[in-house]
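Visitor: With the sequence up front, the predicted model follows.
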Amino acid sequence: MQKRNKNNYGFTLIELMIAMVIASIVAAAIMMAFDSQQKTQVNQQLVVEMQQDARAALYLMQQDIRMAGYDETWEDSNNDGVDDNRVGVGDSIDNDCDGDDTDPDEANDISGIVQAGPHLIQIRLDENRDGNFCGVNDLITYALASDTLDSTIDGDGLADSGAMDLRRGNQVGGTLEPLAGNIQAIAFGYAFDDDLGSPDGLVDTDAGGNIIWAFDSNADGLLDKQLDSNTNGVIDENDTPINLTSTVPISRIRAVRIWILARTRAPLRDHQYTQTYVVGDKVLTPADDYERVLLTTTVNCRNLGLR
């Protein structure tokens, strides 16, 4: 009788089951690693996209605001940030670009910054150098989409639906075009040179030497609220806007501080965020799975009398 070689036998059922279990564990580990890597890649793409969009928008805002008040024919013999040739009502110059140079609001529309709201800014510059501030790109507004059904209305600076477009527009009442998406909040603060009505070319500071950041709360052309209520030089969650000691015409603005809070366009997988953000006069502590970035910068308005 011929003997069988034991090597000719196949795998036993137990051996097959053990092999299957080991293969399943290895496959599961590979899938877990792949899923984790994919999550990380998607999250990174969302974060990079958010940061790039927000930084690009901030850069464009800086460029426009830095040019506020630019006019080749501008004359400012009093160093007060107001063009000597633009006296307001009846100067034959339509300062607010509404087609009427005799309306009462002309007197408030003679500086490089037309509106200095906490969440909306409107600036003027003579981009085409024709001595007229009403050209296509001469009157510029920045605000959130939810605040700009009328580009002269300053809303609360918060997106009505979590995140919205930051918009840029030309002309009073003109169309505001999207500049960046997924913006949750925006705010502005304004440094000024008033010195009790005698500008000296330097921004005003409080008793501690800190720059006073203010805004116009009711769109009357006067800065009336101060952001740093405890005057410690830091605008944080402990501050609530307070009245300025005395109001200041927006023509005395010399620098603008910008806050932009952006978030990712989609939730990040397996993340939870509860960080507190101070955006000008607003304090936000969202609790969700969106990542955010808060950008802030200060722009000196060199055309407005700052030394």
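Guide: Received the coordinates, thanks.
Visitor: Centroid-nearest residue for this protein?
Guide: When C-alpha atoms, centre = their mean is applied to the chain, the residue found nearest the centroid is I260 (3.0 Å).
Visitor: Show the contacting residues for it.
Guide: 54, 57-58, 166, 183, 185-186, 279, 294-296 (C-beta atoms under 8 Å, 6 or more residues apart in numbering). The way it works is simple: take the backbone N, C-alpha and C, and place the C-beta from them, glycine included.
Visitor: For the helix or strand Q115 falls within, which strands pair with it and how are they oriented?
Guide: For Q115, the host element (DSSP states H and E) is strand 113-116. Applying DSSP bridges, strand 113-116 is found paired with strand 121-124 (antiparallel).
Visitor: Run through the neighbouring helices and strands of the very next helix or strand once past the partner strand.
Guide: Next helix or strand after strand 121-124 toward the C-terminus (DSSP H and E): strand 139-144. Contact analysis of strand 139-144 by 3 or more C-beta pairs under 8 Å, 6 or more residues apart in numbering; DSSP states H and E lists helix 13-66, strand 121-124, strand 164-170, strand 176-192 as its packing neighbours.
Visitor: Just list whatever residues bridge to R263.
Guide: R263 forms beta bridges with R292, as assigned by DSSP bridges.
Visitor: What is the burial count for it?
Guide: 24 (other C-beta atoms under 10 Å).
Visitor: what does S24 give?
Guide: With other C-beta under 10 Å as criterion, S24 counts 10.
Visitor: In a markdown table: the helices and strands packed on strand 139-144, plus mean pLDDT and distance to N210.
Guide: A markdown table is the format used below for the helices and strands packed on strand 139-144 (pLDDT from 0 to 100; distance: least, C-beta to C-beta, whole Å):
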| stretch | mean pLDDT | distance to N210 |
| --- | --- | --- |
| helix 13-66 | 83 | 22 |
| strand 121-124 | 88 | 22 |
| strand 164-170 | 84 | 28 |
| strand 176-192 | 90 | 10 |
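Visitor: Buried deepest among these, which one?
Guide: Each of those was assessed for mean neighbour count using mean count of other C-beta atoms under 10 Å. The highest is strand 121-124, with a mean of 26.
Visitor: can I get the CA coordinates of that one in PDB?
Guide: Provided in PDB are the C-alpha atoms of strand 121-124 (Å, rounded to 0.1, in the frame of the first residue of the first chain):
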ATOM      1  CA  ILE A 121     -17.500 100.600   6.600                       C
ATOM      2  CA  GLN A 122     -17.900 102.900   3.600                       C
ATOM      3  CA  ILE A 123     -14.900 104.700   2.200                       C
ATOM      4  CA  ARG A 124     -14.300 107.100  -0.600                       C
END
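Visitor: Please tell me how far that strand is from the chain's geometric centre.
Guide: 14 Å (C-alpha atoms, centre = their mean, to the nearest Å).
Visitor: what does stretch 32-52 give?
Guide: The chain centroid and the centroid of stretch 32-52 are separated by 25 Å under C-alpha atoms, centre = their mean.
Visitor: For the strand holding Q115, C-alpha coordinates in CSV please.
Guide: Extracted C-alpha coordinates of strand 113-116, given in CSV (Å, rounded to 0.1, in the frame of the first residue of the first chain):
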residue,chain,number,x,y,z
ILE,A,113,-14.5,107.5,5.4
VAL,A,114,-18.2,108.0,4.9
GLN,A,115,-19.5,105.4,7.4
ALA,A,116,-17.7,104.1,10.4
